[in-house]
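Chemist: Need coordinates for the following:
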Amino acid sequence: MAAVFLLTTGTTQFAFWYAGALCGAIAMGTVVFLYGWKMTRGTTLTGVWLWALFSFLSVAGVELALLWNNWTEPTSFNEALRYLAAVTTFCPLMAQLGAKRPQVQVWPLVVISLWVVLCLPAGEFLLLKQGALMEISAARSWFLVVLALVGLCNNLPNRFWPSVLLLVGAQTLLLSPHLPFSADLLDLNHSVHWALFLISGALLLHVLGWPTQRVCSESDRLWFDFRDHYGTLWALRLAQRVNEDQQHGGTILGWSGFRSRPPERDIEVDLNDPSVRQFRSLLARFVSAQWLARRVAESREATPW
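Modeler: This is a model prediction of the structure:
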C-alpha cells in the first residue's frame, strides 16, 4: 500500500525501489512470523516470539513512517527513532534468558527495564542535543556489543546457526552507526532494508527446519528441540541438573544427547531410565504436556550439531 501511494504521488525513482523492497521485506517477515507461531505454542517461548514480532514491526514501522513523510535524510529526529527501534532487537534475547516457569511471568519487567536503559541515549539526545546527528558514548556503544555477543554465544552452537548468523548480521546493520567499530559500509536506508530481509530470511530458514533433520531416539529428540530453541545457557543448566541428580546412574546427558556410562556401552537409552525421567520432569518448567506429546509423536528429529 505504501509503494502504491508513493507511485501515485510522483516521488523519486529511489522511493519507488525502496518502498517496494521495504514492503516486500515486511510482508515476507510478517507471514513467516505468523506461520512460526505454532512452533512456540505450548512453550515458555511465546514471550520471546512476541518480543521478536514487536521488534520486527518496530523497525519496519519506523522505516515506513519516515518514508511516508519523506524523512529518509539523516536528521537528529529520525536517527533517534531508528535507534529506538534497533535496540528492540535485544528484547527477544533477554526474554529467552527468562523463559522458565515461574519467573517467566514477571520476566517481561526485566526486558522492559533493559529496553528503557538502552533507549536513554536517544531520549537524552532528543531533549538536549536537537539539530545534530545522534552519537552515543563509548561505554554505551561497547555495552551494545556485549549484549550482541551474549545473544550470539547463547544461540550459535546449535542446529540453527545459519539463522543466528543472519540475525546477528541484521542487528549489526541496524546498530552500525552506534557501534565502536562503526563503518559506513552501506547507506543507512539500505542498511535497514537489508536488515529486514536478513531477519525475514533467518525466520524462513528456521520455519523450514534448515539445516535438515535426522532420525534419533525420542529422548534425544526432546533434548535437541530444547537445546536448539532455548539456547546454550539453559541447555547446560538443565543437563547439569540431570547429571547431578543421577550422578551414580548409568546414563548421562551431554551436548549430543543421552549416553550410557561407560561410553563403550553403545545401547539405546531406555525411556524409563532415571535420567530421562528427570529430564522430562524438568522440561515441565519450559513446555506443556501437549507439546511433549506432539514432539514425541513426530517422526523427524533435530540434528545433533
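Chemist: packing partners for the helix or strand hosting Leu236?
Modeler: Per DSSP states H and E, Leu236 falls inside helix 232-245. Where contact means 3 or more C-beta pairs under 8 Å, 6 or more residues apart in numbering; DSSP states H and E, helix 232-245 is packed against helix 138-155, helix 218-230, strand 251-254, helix 274-283. Glycine gets a C-beta too; all of them are placed from N, C-alpha and C.
Chemist: let's see it at 10 Å
Modeler: helix 90-97, helix 138-155, helix 218-230, strand 251-254, helix 274-283 (3 or more C-beta pairs under 10 Å, 6 or more residues apart in numbering; DSSP states H and E).
Chemist: Make JSON lines from the ones you listed and add mean neighbour count to it.
Modeler: Formatted as JSON lines, the helices and strands packed on helix 232-245 follow (neighbours: other C-beta atoms under 10 Å):
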{"stretch": "helix 90-97", "mean neighbour count": "22"}
{"stretch": "helix 138-155", "mean neighbour count": "15"}
{"stretch": "helix 218-230", "mean neighbour count": "23"}
{"stretch": "strand 251-254", "mean neighbour count": "19"}
{"stretch": "helix 274-283", "mean neighbour count": "19"}
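Chemist: Can you give the distance from the helix holding Leu236 to the centre of its chain?
Modeler: 22 Å (C-alpha atoms, centre = their mean, to the nearest Å).
Chemist: follow-up on the earlier one: next, format the helices and strands packed on helix 232-245 as CSV and append distance to Phe125 and mean pLDDT.
Modeler: Shown next, in CSV, are the helices and strands packed on helix 232-245 (distance: least, C-beta to C-beta, whole Å; pLDDT from 0 to 100):
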stretch, distance to Phe125, mean pLDDT
helix 90-97, 19, 95
helix 138-155, 11, 93
helix 218-230, 36, 89
strand 251-254, 48, 86
helix 274-283, 45, 88
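Chemist: Would you quantify the distance from Leu149 to Arg295?
Modeler: Note on Leu149: its distance to Arg295, by C-beta to C-beta, to the nearest Å, is 31 Å.
Chemist: wait, which of the helices and strands packed on helix 232-245 is closest to Leu53?
Modeler: Leu53 lies closest to helix 90-97 among these, at 9.0 Å (C-beta to C-beta).
Chemist: Buried residues, the helix holding Leu236. List them.
Modeler: Judged by neighbour count (16 or more other C-beta atoms under 10 Å), helix 232-245 contains these buried residues: 234-235, 238-239, 242-243.
Chemist: what does stretch 20-32 give?
Modeler: 21-23, 25-26, 28-30, 32.
Chemist: out of these, which one sits closest to Gly209?
Modeler: Val32 (12.9 Å).
Chemist: Let's verify that closest one: helix, strand, or coil?
Modeler: helix (DSSP: H, G, I helix; E, B strand; the rest coil).
Chemist: Can you pull out the residues in contact with stretch 283-295?
Modeler: 38, 40-45, 99-104, 218, 221-226, 229-230, 234, 238, 280, 301-302 (C-beta atoms under 10 Å, 6 or more residues apart in numbering).
Chemist: which residues in the protein form helices?
Modeler: Assigned helices in the chain, in chain order: 2-8, 13-40, 46-68, 76-86, 90-97, 107-128, 138-155, 161-175, 188-208, 218-230, 232-245, 274-283, 289-297 (criterion: DSSP state H).
Chemist: name the helices or strands packed onto the fourth one?
Modeler: The one in question is helix 76-86. Going by 3+ C-beta pairs under 10 Å, 6+ apart, helix 76-86 lies up against helix 46-68, helix 107-128, helix 161-175, helix 188-208.
Chemist: Dump these into CSV; add distance to Ala139 and mean pLDDT as well.
Modeler: Below are those laid out as CSV (distance: least, C-beta to C-beta, whole Å; pLDDT from 0 to 100):
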stretch, distance to Ala139, mean pLDDT
helix 46-68, 24, 89
helix 107-128, 10, 90
helix 161-175, 15, 91
helix 188-208, 23, 77
